[in-house]
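K.L.:
Below are the sequence and a predicted model; questions follow.
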Amino acid sequence: MLRIDLKLILDEFGLTQVELARLVGVTPRAVNMWMQGDREIPGPVEAYLRLFTALPTAMRASER
């Protein structure tokens, strides 16, 4: 599986690290560590983000 580009996802959907943390149920610090490359994104979170990016725009808005 190819690694996702977390910064690209945040930019594309206008999410902050805090908002992403809330969406996936982790601390903002965990997201920051993923962004810095200090820790790998857990598989289930990566799968959620792949699904999130595949959703139609209207569904993404309801998820946030």
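P.N.:
Yep, that arrived. Note that the structure is predicted; figures quoted are calculated from it, not measured.
K.L.:
ok, Arg22 to Asn32 distance?
P.N.:
14 Å (CB to CB, to the nearest Å). Quick note: C-beta positions are derived from backbone N, CA and C, even for glycine.
K.L.:
where does this structure dip in pLDDT?
P.N.:
1-3, 60-64 (pLDDT under 70).
K.L.:
all strands for it, in order.
P.N.:
With strands called from DSSP state E, the chain shows none.
K.L.:
mind checking the longest helix of it?
P.N.:
helix 43-54 (DSSP state H).
K.L.:
Output the contacting helices and strands for that helix.
P.N.:
The helices and strands touching helix 43-54, judged by 3 or more CB pairs under 8 Å, 6 or more residues apart in numbering; DSSP states H and E, are helix 6-13, helix 17-24.
K.L.:
between those helices, which one is nearest to Leu49?
P.N.:
Comparison of the helices and strands packed on helix 43-54 against Leu49 by CB to CB identifies helix 6-13 as nearest, at 5.8 Å.
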